[in-house]
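Chemist: The amino acid sequence is not available; the structure is as follows:
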């Protein structure tokens, strides 16, 4: 797809190859490092050429195919107003019927949507991640971080540092410039046909283009962001192309923007021979969508053909055999699932065939989401989560992803994904249209009780029965793959009972705005596992927000599941680097009739060590110390309580003030219970966890025989 460049010299490649292997600790082969060294050399040449051509790139009009290049501006506008192919996602494409159904389905939500669109128009105010609604001023400055006040410079995109230790957060700037709020304007226009929404859309797009010449500034510094912005613009444009505010000049402007976005992605693909991630997949999806939706562009056919092949290749590379994204993050699993699912649906809408085995793997990704979904309908936020979404149709917290199951149920005609209580969502209607909604309504609700399941490739184990839920995280970083979105959470647990989350992963909060907080939320001490000698399971460097050491490998020893009992055991090597090495082995036994979990933490090694075992409770719970070295966490509304008891230690737990984040940029106070002891190793410490309902005696719950 990209133009060939001159090869770097042999000696240069050899030098860079050794450098690449050195940086990666020798974890990749010499051949792999050689390919990566050559790629980096070629990327530098591309960057130099791009830098020299910025003015030319910014001034260049859209490159149209010959048959469209010869059309007058008025004929080109007529073509776009009347064309029926290609077709965007069905709900967007048939906006009139979708809008009518939206009013019937959710009248209150419809009014909230229209009111949100009015605030965008009248006061330039809309929500931004977990920070709530923000004011963006009479004249929107697309380079201004609205939280820190930092104005990012209009330098060549590759020269811009991504963090500055001053409270600014480029993730916040990027979210603003993904332009997802323009979809709100498009939906409001479809619902009301009020031209004020169309007028605001075009005014903001013109403002954005004027302030962001191609290749200059932070809004071009990440190809993923360029791709997601292009996808959001395509979605909004599909809803607004019938507006009289779409003039000949504005159409030319939009076509130029789309062409510039696609070409920029192509010049700056986030590919690596070491590993690819959700960034590169976003790049590919952006080119695929542009290639499908804009056949008028000269490069569209090339983009579409290349991107579709590459997307299928990435599905094989990035998704583990058990259907889980390799990055060790439930948040990014959902984001990657959206990228694949929405792209496959766009291909299906436009009769672009995709082999059945890829659809089946996509179903496996949905099955994993179904398996980890807590009884309260939310996803545990394991690993990083920056709340990234494709086509943000409605405002949701980072842990609110059940709508993807409704989409999956309708798209695959699979009742396993139609959960009791999961009503049709706006995403289902706007992405799949009336036909998708009818497909969903025809399906029976799944009456199968969520089962205990093992995902050995991901290292995720679910111990479930009725309203009891425990997720055991035994997934360590894979050799040769980056661990940038993983946390120090090996052998940690999530526990829900009685329909309430009790023991939770704390989430992520922020990335670069506060590096201390960034690393606190990914630290061992913030997770429900064992910490030895105040050390991290894997090394963390505060100045490197997306680096985590690869010292810890996890190994699952046992997975046994019967009608009455489930047992899982795993160990990790993160503390092998201590002067007196220790292996942490955790065994969890779930006795279904007793509705109780027994956790055994065995420390194998030698020496005297400080051992801290923590359980991180969800925000909003009342946590207190109780008799018999126990902690009780209670939900005062439902009257449901969870008991965590130490079976071997004499001292009571300490309650530590911590935080929990359910959305990027927001955090709420929560409590962790910590039992700390100085003990000689080898040793074993045991804990029982069980649900206490109203009127039950805590002393009679989870009684476990002595050793």
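Modeler: All right, it came through fine. For clarity, every value in this text was computed on a predicted model and none was experimentally measured.

Chemist: a helix runs through residue 680, doesn't it?
Modeler: No - counting by DSSP: H, G, I helix; E, B strand; the rest coil, residue 680 falls outside a helix, being strand.

Chemist: Hmm, residue 608 and it touching each other?
Modeler: Yes - contact criterion Cβ atoms under 8 Å: residue 680 and residue 608 qualify, at 5.4 Å. Where C-beta positions appear, they are placed from N, C-alpha and C, glycine not excepted.

Chemist: doesn't residue 370 fall inside a strand?
Modeler: No - Residue 370: not assigned to a strand; according to three-state DSSP it is helix.

Chemist: what residues are up against residue 151?
Modeler: By Cβ atoms under 8 Å, 6 or more residues apart in numbering, residue 151 lies in contact with 141, 143-145.

Chemist: Dump these to JSON lines, plus distance to residue 179 and secondary structure.
Modeler: Formatted as JSON lines, the contacts of residue 151 follow (distance: Cβ to Cβ, whole Å; DSSP: H, G, I helix; E, B strand; the rest coil):
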{"residue": "141", "distance to residue 179": "15", "secondary structure": "coil"}
{"residue": "143", "distance to residue 179": "14", "secondary structure": "coil"}
{"residue": "144", "distance to residue 179": "15", "secondary structure": "strand"}
{"residue": "145", "distance to residue 179": "16", "secondary structure": "coil"}
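
Chemist: so can I have a markdown table of those showing neighbour count and distance to residue 523?
Modeler: What follows is those, written out as a markdown table (neighbours: other Cβ atoms under 10 Å; distance: Cβ to Cβ, whole Å):
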| residue | neighbour count | distance to residue 523 |
| --- | --- | --- |
| 141 | 14 | 35 |
| 143 | 18 | 33 |
| 144 | 16 | 32 |
| 145 | 22 | 26 |
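
Chemist: how about the strands in the stretch 401-550 of the chain?
Modeler: Counting by DSSP state E, counting those that start in this stretch, the stretch 401-550 of the chain has strands at residues 453-455, 460-465, 468-473, 492-497, 500-503, 530-532.

Chemist: Now render these as a markdown table, adding distance to residue 201, mean neighbour count and mean pLDDT.
Modeler: As requested, the strands of the stretch 401-550 of the chain are exported to a markdown table (distance: least, Cβ to Cβ, whole Å; neighbours: other Cβ atoms under 10 Å; pLDDT from 0 to 100):
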| stretch | distance to residue 201 | mean neighbour count | mean pLDDT |
| --- | --- | --- | --- |
| strand 453-455 | 42 | 20 | 97 |
| strand 460-465 | 42 | 22 | 96 |
| strand 468-473 | 42 | 24 | 97 |
| strand 492-497 | 41 | 26 | 97 |
| strand 500-503 | 39 | 25 | 97 |
| strand 530-532 | 51 | 24 | 98 |
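
Chemist: between those, which gets nearest to residue 485?
Modeler: Among these, strand 468-473 comes nearest to residue 485, with 13.7 Å by Cβ to Cβ.

Chemist: Give me the distance from that closest one to the chain's centre.
Modeler: Counting by Cα atoms, centre = their mean, to the nearest Å, strand 468-473 is centred 20 Å from the centre of its parent chain.

Chemist: Given that strand, what are its sheet partners and their directions?
Modeler: Strand 468-473 has its sheet partners listed here by DSSP bridges as strand 460-465 (antiparallel), strand 492-497 (antiparallel).

Chemist: Noted, bye for now.
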